[in-house]
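Enquirer: structure here, sequence nowhere to be found:
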């Protein structure tokens, strides 16, 4: 896999960023305070000009993240305090039956608030395709250009209070996906393989990566994606929020493999990128 302008975040043009800015700033309800508008303008400028640490998730890793259970109404968001890195970008893509879905999430923390921009590009669809409603709930159809759809939404999370700020209620499912991906990177023992500019890496399953940009990328190890053979049936593992640290005041995300007292056999699932 080449890490270059095939990544959607690297293909965003100035014109597309300008369009995003116009829509982002003009979609605010009447009566918004000057302070609110200034924060909104600051967030957009930071998302546009900075990337932070960049992570590339394989399709297998994205599938693993979907197993993480996030109850947004009862989640203890204070566990994220002093844990979430100052800024990061998560890249991933999906091959779909009718087209492709490339996306990135860029987030940063300021004053104990996480600000996230979600951007997605879909090709091979049309505005009437019912699958779009599942992929991108509440998407604005005016972003459709031919059979190419560029979609965005933004989230805010106040870590101390757990208050979630979303553009539309229908987009809370995307916030859950953000929490799954971000938790996988920030709170688990996932191994991050650093791929320096112009360097190559060959994964254990002979998948090759080459970084053609001038930035470091972190390839997220998907070694948790295993199946376990016990007796005559396969059992999938699961995630658990594990208390840790002094007096169990912190938590981390751990993957629990199913097991049997008499023993079991497991092997890694072939990773797909």
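Expert: Structure's in. What do you need? Worth saying up front: this structure is predicted, and the values here are computed from it rather than measured.
Enquirer: quick one: low-confidence parts of the chain?
Expert: 95-99, 125-147, 203-206, 221-241, 243, 247-251, 254-273 (pLDDT under 70).
Enquirer: report the residue ranges of every domain in it.
Expert: Domain ranges of the chain: 2-220, 226-268, per automatic domain parsing.
Enquirer: go through the ones you listed and pick out the most buried.
Expert: Comparing these by mean neighbour count (mean count of other CB atoms under 10 Å), domain 2-220 ranks first with a mean of 16. C-betas here are computed from N, CA, C, even on glycine.
Enquirer: and the end-to-end length of that one?
Expert: Distance between the two ends of domain 2-220: 15 Å, counting by CA to CA, to the nearest Å.
Enquirer: cool, stretch 76-94 as well?
Expert: 30 Å.
Enquirer: which helix or strand contains residue 105?
Expert: Element membership for residue 105 (DSSP states H and E) is strand 100-110.
Enquirer: contacting residues around that strand?
Expert: The contact list for strand 100-110 (CB atoms under 8 Å, 6 or more residues apart in numbering) reads 7-9, 46-47, 50-52, 84-94, 114-124, 135, 159, 178, 181-182.
Enquirer: by contact count, what packs against whichever helix or strand comes after that strand?
Expert: The helix or strand immediately downstream of strand 100-110 is strand 113-123, counting by DSSP H and E. If you count contacts as 3 or more CB pairs under 8 Å, 6 or more residues apart in numbering; DSSP states H and E, strand 113-123 packs onto helix 8-11, helix 34-49, strand 100-110, helix 131-135, strand 148-158, helix 172-186.
Enquirer: redo the ones you listed as JSON lines? Include distance to residue 71.
Expert: Converted to JSON lines, the helices and strands packed on strand 113-123 look like this (distance: least, CB to CB, whole Å):
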{"stretch": "helix 8-11", "distance to residue 71": "30"}
{"stretch": "helix 34-49", "distance to residue 71": "26"}
{"stretch": "strand 100-110", "distance to residue 71": "20"}
{"stretch": "helix 131-135", "distance to residue 71": "21"}
{"stretch": "strand 148-158", "distance to residue 71": "14"}
{"stretch": "helix 172-186", "distance to residue 71": "9"}
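Enquirer: what about stretch 106-122, distance to the chain center?
Expert: Averaging C-alpha positions (CA atoms, centre = their mean, to the nearest Å) puts stretch 106-122 10 Å from its chain's average.
Enquirer: just tell me which of the helices and strands packed on strand 113-123 ends up closest to residue 56.
Expert: Residue 56 lies closest to strand 100-110 among these, at 9.7 Å (CB to CB).
Enquirer: quick one: strands adjacent to the closest one?
Expert: Here strand 100-110 is paired, per DSSP bridges, with strand 87-95 (antiparallel), strand 113-123 (antiparallel).
Enquirer: in TSV, list those along with distance to residue 171.
Expert: Output for the strands paired with strand 100-110, formatted as TSV (distance: least, CB to CB, whole Å):
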stretch	distance to residue 171
strand 87-95	17
strand 113-123	8
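Enquirer: so which of those is nearest residue 197?
Expert: Residue 197 lies closest to strand 87-95 among the strands paired with strand 100-110, at 15.7 Å (CB to CB).
Enquirer: just the residues contacting the closest one, thanks.
Expert: With contact meaning CB under 8 Å, 6+ apart, strand 87-95 is reached by 7-9, 46, 50-59, 61-62, 100-109, 181-182, 185.
Enquirer: report the angle between that strand and helix 34-49.
Expert: Comparing the axes of strand 87-95 and helix 34-49 via axes from the mean of the first three to the mean of the last three CA atoms, to 10 degrees yields an angle of 60 degrees.
Enquirer: could you give the angle of strand 87-95 to helix 172-186?
Expert: Angle of strand 87-95 versus helix 172-186, following the same axes, to 10 degrees, is 110 degrees.
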